[in-house]
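Undergrad: Need a 3D model of the following:
(2 chains)
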Amino acid sequence: MTPPSETAAAEIEVEADFEELAEKKPWYIRTIEMARQQPLAASGFVIIIIMLLMAIFADLLTFFPSEDNDLEYMLAEPGTIHSDLELTFLLGADQFGRDLLTRIVYGARTALFVGFTCAIIGSTLGLILGVASAYFGGWFDLVVQRVVDVVMAFPLIILALAVVATLGPGTQNVIIAITIPFIPQCARVVRSNALAIREIPYVDAARALGFSNARIIMRHMVPNVMAPYLIMLTSFLGQAILLEASLSYLGMGVQEPTPAWGLMLQGGAEEFAESAPWVAIWPGVAISLAVFAFNLFGDGVRDTLDPKLRSR
Amino acid sequence: MSPPNEAVAREDAQFRGVPTDDVLIDLKDLKMHFPVTEGVFIQSVIAHVKAVDGISFKIMKGETLGLVGESGCGKTTTGRCILKLEDPTSGEIIFHGQDLMNLDDKEMVEVRKKIQVIFQDPFSSLNPRMKIGEIIAEPMRVHNIVPDEEARNNRVVELLNTCGLKANFADRYPHEMSGGQRQRVGIARALAMNPEFIICDEAVSALDVSIQAQVVNLLEDLREEFGLTYLFISHDLSVVRHISHRVAVMYLGHMVELAECDELFDNPLHPYTRALLEAVPIPDPDLENGRAHQIIKGEIPSPINPPSGCVFHPRCPSAHDGCKKEFPEFREVKPGHWVACTEV
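TA: Numbering: from 1, shown residues only, chains lettered A, B, ... in the order given. Below you'll find the predicted structure:
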C-alpha cells in the first residue's frame, strides 16, 4: 500500500480546519435569511402554504354544505344570516344558495390537486424524455424533437381543449389534458441542459465504467438537470391552475357540483355580474391569488437555482 | 490490499515495474474519421475530420507508453477509441486476443472492467451530485465485483488510502475537495474495477506542478504495485519523459515516431519530434540563449483536408518533392525505434 505523501497529509489537515469553520446554521435561521433575500418568493410561498392548509382542512374550516343547493338563499348578499344553520354567508351565496367561502375553500382542493398532479407528472415525463433525447442523440433525438415541435405549435389551451374534447370532461381527463402539453415544454428545456451535461467527462467516465444507459440517464444525468426541472415544475403549477380554471369555465373541465373556481365563474357569475357581483369576484380573486403566488414562488426558485438569469 | 487479479498478483520480481514482452493491446491501422454533415432532415456528409488516420502500435504488459503531440493531433481521440467511447471508422484494437471493434455492448462490458480511464479535468470528471464514497463504490456494485455492502465500504476506504486520501473523504462531495484530491478520487474510481490497463488522458495537465509530481509518483507506485499498464497521453514532455518506458509522437492523426523513452529524447529522428523537443524551454537562461532553435513555420493544417503525402511536409525543414506524393512508411530504423520519414 502506498503511504500518502507528507504534502498530501498536510493538505488533508487544512481541509479539516475549513470544515470546522463552516458551521451549519439551524434551519429556521436559514429560512429567515432566505425569506429576506427573496421577499416576493417568500410571500408567494406563504400564500401557497395557506392554500394547502385550506385544501387539506376544508372539512374543519367550513360549516356550510359544499354541494347542496338551498334555493331560499339564492344570491344571498355577503353578511346574510342563514336562519336554520345560524351561520353567516361571509362572502355571500351563489345562484343555488351555496356559500361562496365554503366553495372557494373546497375549490382549493380541486385546484391544488389538479395543479400539483399535472405539474409533477408533466415535468417528470418531460425530464426523462428530454434527458433520453439528449443522451441517445441521432434519429431518436430527431424524432422526439420533431414531435415536441408539433405539440408545442399549439397554444396550451387549444391543445388541452382538443384533448378534453376527445376524452370528455371530468377531473381525471382534465389532468390528462393539462399534462400532455406540459411534457414537450419541459422536455425541450431539459434537453438543452442535458446536451451540455452529456459532454462532461463524468458521463464518459460512467460509460467507460460499463454502466447501462438507464443508469447513466437516471443516476448521472437526471440529478444534474434538477435546476431546470424544478424551475419548469414550479412555473407549471400556476399554469395548470389557470388552465384548469379556464377549462372548467368553458364547461370542459370539472363538472358540477364539484366545487372548482373556474366553474364558479361560469353561468351565474356572468348572468348576475351586476346584481350580485360577489358571485364572480371571489372565485376570480382566488384564481388570481393562486396563480400569482405560484408565479412569485416559481420566480424565486428560478433565481435561486439559476443565478445566470437573475440580472434579467 | 487485495491484488487486482491473479495474473498480476504473481510475486515475480521481474514482473514488478518492468515491462514484459507480452503484448497487451495492439492497434492496427486505427482510423477515426468524424463526418461533417449538412442538412436538417436528410443529412449529407460533406467532409471528414480525420482525427486519427491509420495509426498502429503495440503496448506491452506492464509498460507505460507516453503519447505526445500538439493539441488536435488525435491523441485523446486515440484513447477514446480504445475505450470505445468513439466508434472507430476502421482498424483493429486487439486486447487479449479479442478485437474490440467486433464486440457488442454486452461483451464490451467485460472488457470495460479491464480498461479504465483517468480524465484531464478533475473538476468535471466526478459527478457533482454523488458523494466520493458512492462514486468509488458504484462500479463495484454495478458489476458485482464486491457484492457485500460492508466489504464494499471497506474496499472504498482501502482505495482511498491507496490513493493517499483519508477514509472520511468518502462522505464528501467533489466540490468540497481540491483539484489534486479529486484527481486521486478519479484514480481510485479507475482502480475500483481492478483494471489491467489505464488510459491517462492528460491526467496531470490540469494540476499545478507540485500536485502533478505527487500524482505522477502515485501513478508510478500503483503501476508497480498492481502491474498496471498505462497509455499516458500528454503534451507535457517532461512529465512524459519521467513516467514513460516508450514514447510515441503523433502529428495530425498520424504516428510519426515511436521509441524507447531515452532514445527518443536523446536521439530524435523525425523532424517534427526534433522541433517538438526543441520547443521545450530549458530553465537556465544561458543555456536557453545558446540553443539553436529550429522553429517550425506555419500552423497545424486542418484535419478535414490534410496535406498530401507526408502530412508534415508543408512545415518540414527537410522536405523535398517526394514528400508531397507519398506518406512515408512507419518503419523500424533501429531496433525499437520507429519513424515515419523517408529522410532518416
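Undergrad: Strands of the chain, residue ranges please.
TA: This is for chain A. For chain A, strands defined by DSSP state E occupy the ranges A:81-82, A:87-88.
Undergrad: switch to chain B, that's the one I care about
TA: Secondary structure of chain B by DSSP E: the strands cover B:23-38, B:44-60, B:64-68, B:90-95, B:98-99, B:115-118, B:197-201, B:229-233, B:246-251, B:254-260, B:331-334, B:337-339.
Undergrad: Put together JSON lines for these, with mean pLDDT, mean neighbour count and distance to chain A on each row.
TA: C-beta coordinates here come from the backbone N, C-alpha and C atoms, glycine included. Below are those laid out as JSON lines (pLDDT from 0 to 100; neighbours: other CB atoms under 10 Å in any protein chain shown; distance: least, CB to the nearest CB, whole Å):
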{"stretch": "strand B:23-38", "mean pLDDT": "88", "mean neighbour count": "17", "distance to chain A": "12"}
{"stretch": "strand B:44-60", "mean pLDDT": "88", "mean neighbour count": "19", "distance to chain A": "14"}
{"stretch": "strand B:64-68", "mean pLDDT": "93", "mean neighbour count": "26", "distance to chain A": "17"}
{"stretch": "strand B:90-95", "mean pLDDT": "90", "mean neighbour count": "17", "distance to chain A": "14"}
{"stretch": "strand B:98-99", "mean pLDDT": "87", "mean neighbour count": "14", "distance to chain A": "15"}
{"stretch": "strand B:115-118", "mean pLDDT": "92", "mean neighbour count": "27", "distance to chain A": "5"}
{"stretch": "strand B:197-201", "mean pLDDT": "92", "mean neighbour count": "25", "distance to chain A": "9"}
{"stretch": "strand B:229-233", "mean pLDDT": "93", "mean neighbour count": "27", "distance to chain A": "13"}
{"stretch": "strand B:246-251", "mean pLDDT": "92", "mean neighbour count": "25", "distance to chain A": "20"}
{"stretch": "strand B:254-260", "mean pLDDT": "91", "mean neighbour count": "25", "distance to chain A": "23"}
{"stretch": "strand B:331-334", "mean pLDDT": "88", "mean neighbour count": "12", "distance to chain A": "32"}
{"stretch": "strand B:337-339", "mean pLDDT": "91", "mean neighbour count": "22", "distance to chain A": "29"}
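Undergrad: Can you add distance to B:Q183 and give those back as a markdown table?
TA: What follows is the strands of chain B, written out as a markdown table (distance: least, CB to CB, whole Å):
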| stretch | distance to B:Q183 |
| --- | --- |
| strand B:23-38 | 24 |
| strand B:44-60 | 22 |
| strand B:64-68 | 17 |
| strand B:90-95 | 25 |
| strand B:98-99 | 30 |
| strand B:115-118 | 7 |
| strand B:197-201 | 10 |
| strand B:229-233 | 14 |
| strand B:246-251 | 22 |
| strand B:254-260 | 27 |
| strand B:331-334 | 36 |
| strand B:337-339 | 32 |
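Undergrad: Who are the contact partners of residue 197?
TA: Just going to use chain A. For A:I197, the contact set (CB atoms under 8 Å, 6 or more residues apart in numbering or on different chains) comprises A:134, A:203, A:221, A:224-225.
Undergrad: Chain B is the one I meant
TA: B:24-25, B:59, B:95, B:114-116, B:228-231.
Undergrad: hmm, 10 Å instead?
TA: B:F197 sits next to B:24-25, B:59, B:61, B:82-83, B:95-96, B:111, B:114-117, B:228-231 when contact means CB atoms under 10 Å, 6 or more residues apart in numbering or on different chains.
Undergrad: do the same with A:I281
TA: Applying CB under 10 Å, 6+ apart, the residues near A:I281 are A:91-92, A:100, A:265, A:269, A:273.
Undergrad: Ok, B:K334 next?
TA: By CB under 10 Å, 6+ apart, the neighbours of B:K334 are B:259-260, B:263, B:267, B:269, B:344.
Undergrad: can you list the residues of the stretch 151-300 of chain B near chain A?
TA: By CB under 10 Å from any CB of the partner chain, the residues of the stretch 151-300 of chain B that approach chain A are B:158, B:160-166, B:168-169, B:172, B:174, B:176-178, B:180-181, B:184, B:186, B:189-190, B:192-193, B:199, B:201, B:210-211, B:213-215, B:217-218, B:220-222, B:224-225.
Undergrad: Now stretch A:251-264 - C-alpha only, PDB.
TA: Backbone C-alpha positions of stretch A:251-264 (Å, rounded to 0.1, in the frame of the first residue of the first chain) are rendered in PDB as follows:
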ATOM      1  CA  GLY A 251     -67.600  23.700 -19.300                       C
ATOM      2  CA  MET A 252     -64.900  21.300 -20.500                       C
ATOM      3  CA  GLY A 253     -63.300  20.700 -17.100                       C
ATOM      4  CA  VAL A 254     -64.500  19.800 -13.700                       C
ATOM      5  CA  GLN A 255     -68.300  19.200 -13.600                       C
ATOM      6  CA  GLU A 256     -70.900  20.400 -11.200                       C
ATOM      7  CA  PRO A 257     -71.500  20.000  -8.300                       C
ATOM      8  CA  THR A 258     -67.800  19.600  -7.500                       C
ATOM      9  CA  PRO A 259     -66.500  22.900  -6.300                       C
ATOM     10  CA  ALA A 260     -64.000  24.400  -8.600                       C
ATOM     11  CA  TRP A 261     -63.000  28.100  -9.100                       C
ATOM     12  CA  GLY A 262     -63.400  28.200 -12.800                       C
ATOM     13  CA  LEU A 263     -66.800  26.500 -12.600                       C
ATOM     14  CA  MET A 264     -67.900  29.200 -10.100                       C
END
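Undergrad: Skipping adjacent residues, who's closest to the residue of the stretch 101-250 of chain A found nearest chain B in space?
TA: Per CB to the nearest CB, the residue of the stretch 101-250 of chain A with the smallest distance to chain B is A:G210, at 3.6 Å. In space, and not counting its chain neighbours, A:G210 is closest to B:R112: 3.6 Å by CB to CB, 6 or more residues apart in numbering or on different chains.
Undergrad: From what I see, the one you found and B:N194 are in contact.
TA: No - counting by CB atoms under 10 Å, B:N194 is not a contact partner of B:R112; they are 11.9 Å apart.
Undergrad: Tell me which of the two has more neighbours.
TA: B:R112 (23 against 20; other CB atoms under 10 Å in any protein chain shown).
Undergrad: per-residue confidence at that one?
TA: Per-residue confidence at B:R112 stands at 88 (pLDDT).
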